[in-house]
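> fold the following, please.
(one chain, ligands or ions: 2)
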Amino acid sequence: MHAVQEPQMIGNYIGGQWKAPAGGGSTPSINPARKSEIVGYVPDSQIGDLNEAVEAAEAARRSWRKLAGSQRGALLFKAADAMERRLDEIGRTMSREMGKTFAEAKGETARGVAILRYYAGEGIRKIGDVIPSTDADAFMFTTRSPLGVVGVISPWNFPVAIPVWKMAPALIYGNAVVWKPATETAVTAAKIAECFHEAGLPAGVLNMVIGGGRVIGQGIASHPGIHGVTFTGSNEVGKQIGQTALSRGAKYQLEMGGKNPIVIAADADLDLAVEATISGGLRSTGQKCTATSRVIVVRDVYEAFKEKLVSQVKALKVGDGLEASTWLGPCANEKQMETVLSYINRGKEEGAVLLCGGERPEGAELADGFYVTPAVFDRVTSGMAIAQEEIFGPVLTLIEADDFESAIGLANDTEFGLSASVYTRDIGNVLSFVHEMDAGLVRINAETAGVELQAPFGGMKQSSSHSREQGQAAIEFYTSVKTVFIKP
Ligand SMILES: NC(=O)C1=CN([C@@H]2O[C@H](COP(=O)(O)OP(=O)(O)OC[C@H]3O[C@@H](n4cnc5c(N)ncnc54)[C@H](O)[C@@H]3O)[C@@H](O)[C@H]2O)C=CC1
Ligand SMILES: O=C(O)CCC(=O)C(=O)O
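Numbering: from 1, shown residues only. Ligands and ions are numbered 1, 2, ... in the order given. Coordinates of the predicted model:
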């Protein structure tokens, strides 16, 4: 039995103040574990609200960039402390809003704290180089300027980590931010904005406007007062945003889908490989762009691997993410659940064999939620839609390879190139995989998911706009290089 919590009323955060949208509209944010439970009412903002946020950011950005990096860093450290104090509360809200388990949600919030601290430290690291001039009397060096106002459009699957890894570098390098979080996780987003407010960020430096993607998201992409746009989400929307930003000469960065392979070689430790496949593919209910979805197994060990995998997947406990015994929460929203169920049907129609899962679970306590039991498909061929299209749900597809070389060929047979993993103990296999995989993240004897905040993150092929986020790579997007030549 769950204690009923009153829905929270959320406002926009503009110019350092909490404001209802001018039109007064709101949308419920619901708990995917029990759709009858409303977590909060969040603004359905319109373009006027966005314009107000851009004006506030414009008014704040010049004095913000004039601060020393260490002064901006001090405020990010304070925001990190505020978030750390509220770890449980934010994790719980995230779990209620989008379904991931409390342990994962709290872990993600702790990751947000660590990201903030990392970028706070960036405020005192080097931002340029001295380059010898051909003029003996001159001094030449590079420095960096912030873009100005950065628009952040973030998805619901990592409601803390993704916006924080976009906003923290934007802020530390001297930009003001206008943030549009996903409506599905806007109550969690408001708590992040509160942490920055508590830290004492100057008014207008960070603004949050909640509303529909077609209105506020598209509005950010096309707004002449926004100088750079960073987005994570679907390929379809990402490409529209990129085209809109490009057409008005704004900088953009897109992080989009994945269809990530794990390759199991004949010499792999099968127990570890099964564990990584389950964790990489099914944690967060498979709703990670880095999730494992194509499981490519060399023929010699295919049957043995399959048997171990299926018996362990069948044992995973599906349920409310706030229950301590739950391994796998619901899909984050109804549309996502319908997408997963439609791919389950599609897989069967294509001739793949469903070995387990792919159903709405039985039992009264789960009937009100967007649950799908974790699915494993056998006899999948690379051309099938379930092996090519991003499902973003708890679905693993098993593909048999003749040998290791053809396994790499199959692993690359996709339009995406975000993450790829291999299980093998053979150094030759490792080197071939590292050299031949077209993926931005290549992981050896480790699952496909697992992004470290201090390392560059981004995809090849259709997975990204070829830029990189996180670590020191972030400076490339959030700043412009200025080459300075000084002569006495
Ligand atoms: N790469 C990733 O991490 C993510 C991938 N996805 C993929 O996208 C699929 C659909 O999920 P959605 O939530 O519908 O993703 P989406 O791409 O529609 O949403 C991501 C963000 O973009 C905003 N948005 C939506 N339409 C927009 C538009 N026309 N212009 C500007 N912004 C817009 C949304 O409000 C949200 O803040 C998923 O099934 C999954 O395949 C979704 C979320 C994250
Ligand atoms: O695997 C991770 O931690 C990050 C995944 C991610 O960026 C995404 O799902 O959008």
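> all strands for the stretch 101-250 of the chain, in order.
139-146, 149-153, 176-180, 206-208, 228-232 (DSSP state E, counting those that start in this stretch).
> count the neighbours of the closest residue in space to Ala20 that isn't next to it in sequence for me.
For Ala20, ignoring the flanking residues on the chain, the nearest one in space by CB to CB, 6 or more residues apart in numbering is Gly11 at 5.4 Å. In this view, the C-beta of every residue, glycine as well, is placed from N, C-alpha and C. Per other CB atoms under 10 Å, the neighbour tally for Gly11 reads 19.
> please report how far Gly11 lies from ligand 2.
Gly11 sits 27 Å away from ligand 2, taking CB to the nearest ligand atom, to the nearest Å as the criterion.
> so where does Arg294 fall, helix or strand?
Secondary-structure assignment from DSSP states H and E places Arg294 in strand 292-298.
> tabulate the strands of the stretch 101-250 of the chain (JSON lines), appending distance to ligand 2, mean pLDDT and mean neighbour count.
As requested, the strands of the stretch 101-250 of the chain are exported to JSON lines (distance: least, CB to the nearest ligand atom, whole Å; pLDDT from 0 to 100; neighbours: other CB atoms under 10 Å):
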{"stretch": "strand 139-146", "distance to ligand 2": "24", "mean pLDDT": "98", "mean neighbour count": "15"}
{"stretch": "strand 149-153", "distance to ligand 2": "12", "mean pLDDT": "99", "mean neighbour count": "28"}
{"stretch": "strand 176-180", "distance to ligand 2": "16", "mean pLDDT": "99", "mean neighbour count": "29"}
{"stretch": "strand 206-208", "distance to ligand 2": "19", "mean pLDDT": "99", "mean neighbour count": "29"}
{"stretch": "strand 228-232", "distance to ligand 2": "5", "mean pLDDT": "98", "mean neighbour count": "26"}
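> can I get these in TSV including distance to Gly428?
Below are the strands of the stretch 101-250 of the chain laid out as TSV (distance: least, CB to CB, whole Å):
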stretch	distance to Gly428
strand 139-146	42
strand 149-153	43
strand 176-180	47
strand 206-208	50
strand 228-232	36
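> for Met94, which non-adjacent residue is spatially closest?
That would be Ala105: by CB to CB, 6+ apart, it lies 4.0 Å from Met94.
> next to ligand 1, which bits of the stretch 51-200 of the chain? Give me the list.
Contact residues, the stretch 51-200 of the chain versus ligand 1 (CB under 6 Å from any ligand atom): Ile153, Ser154, Pro155, Trp156, Asn157, Lys180, Ala182.
> which residues does Asn412 contact?
By CB atoms under 8 Å, 6 or more residues apart in numbering, the residues touching Asn412 are Glu436, Met437, Asp438.
> low pLDDT regions in the protein?
Scanning the chain for pLDDT under 70 picks out 1-4.
> flag every residue of it that's near ligand 2.
Proximity of the chain to ligand 2 (CB under 6 Å from any ligand atom) is limited to residues Asn157, Phe158, Ile162, Thr232, Lys288, Cys289, Thr290, Ala449, Val451.
> neighbour-wise, give me the winner out of these.
Counting neighbours by other CB under 10 Å, Cys289 comes out on top of these with 29 neighbours.
> got a list of what the residue nearest to Ala20 touches?
Under the criterion of CB under 8 Å, 6+ apart, the neighbours of Gly11 are Trp18, Lys19, Ala20, Pro21, Pro43, Ala190.
> out of those residues, which end up buried?
With neighbours counted by 16 or more other CB atoms under 10 Å, those contain buried members at Lys19, Pro21, Pro43, Ala190.
> closest to ligand 1 among those residues?
Ranked by distance to ligand 1 (CB to the nearest ligand atom), the buried ones among the contacts of Gly11 are led by Pro43 at 12.8 Å.
> in contact with the closest one, which residues?
Contacts of Pro43 by CB under 8 Å, 6+ apart are 10-12, 20-21, 25-27, 49, 186, 209-211.
> how does it look with 7 Å?
Pro43 makes contact with Ile10, Gly11, Asn12, Ala20, Pro21, Ser26, Ile210, Gly211, according to CB atoms under 7 Å, 6 or more residues apart in numbering.
> report the beta-bridge partners for it.
In this entry, Pro43 is beta-bridged to Ser26, by DSSP bridges.
> show me where the stretch 351-488 of the chain has helices.
Here the stretch 351-488 of the chain has its helices, by DSSP state H, counting those that start in this stretch, at 385-388, 404-411, 427-436, 475-478.
> helices or strands next to the third one in the packing?
So the one you mean is helix 427-436. Packing partners of helix 427-436 (3 or more CB pairs under 7 Å, 6 or more residues apart in numbering; DSSP states H and E): helix 404-411, strand 441-444.
> ok, the second one next?
Identification of packing neighbours for helix 404-411 by 3+ CB pairs under 7 Å, 6+ apart yields strand 260-264, strand 292-298, strand 395-401, helix 427-436.
> which one of these is the most hemmed in?
Among these, strand 260-264 has the highest mean neighbour count (mean count of other CB atoms under 10 Å), at a mean of 28.
> keeping just the C-alphas, turn it into CSV.
Extracted in CSV, the C-alpha atoms of strand 260-264 (Å, rounded to 0.1, in the frame of the first residue of the first chain):
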residue,chain,number,x,y,z
ASN,A,260,24.0,-1.1,-29.3
PRO,A,261,25.5,-4.6,-29.8
ILE,A,262,27.2,-6.8,-27.3
VAL,A,263,29.4,-9.5,-29.0
ILE,A,264,30.0,-12.8,-27.2
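> any bit of that strand sitting next to ligand 1?
No: applying CB under 6 Å from any ligand atom, one finds strand 260-264 separated from ligand 1 by no less than 11.2 Å.
> tell me how the chain divides into domains.
Using automatic domain parsing, the domain parsing of the chain gives 8-256+464-486, 260-452.
> that older thread, from the residues of the stretch 51-200 of the chain next to ligand 1, which is closest to Cys195?
When these are ranked by distance to Cys195 (CB to CB), Ser154 comes first, at 15.4 Å.
> alright, calling it a day.
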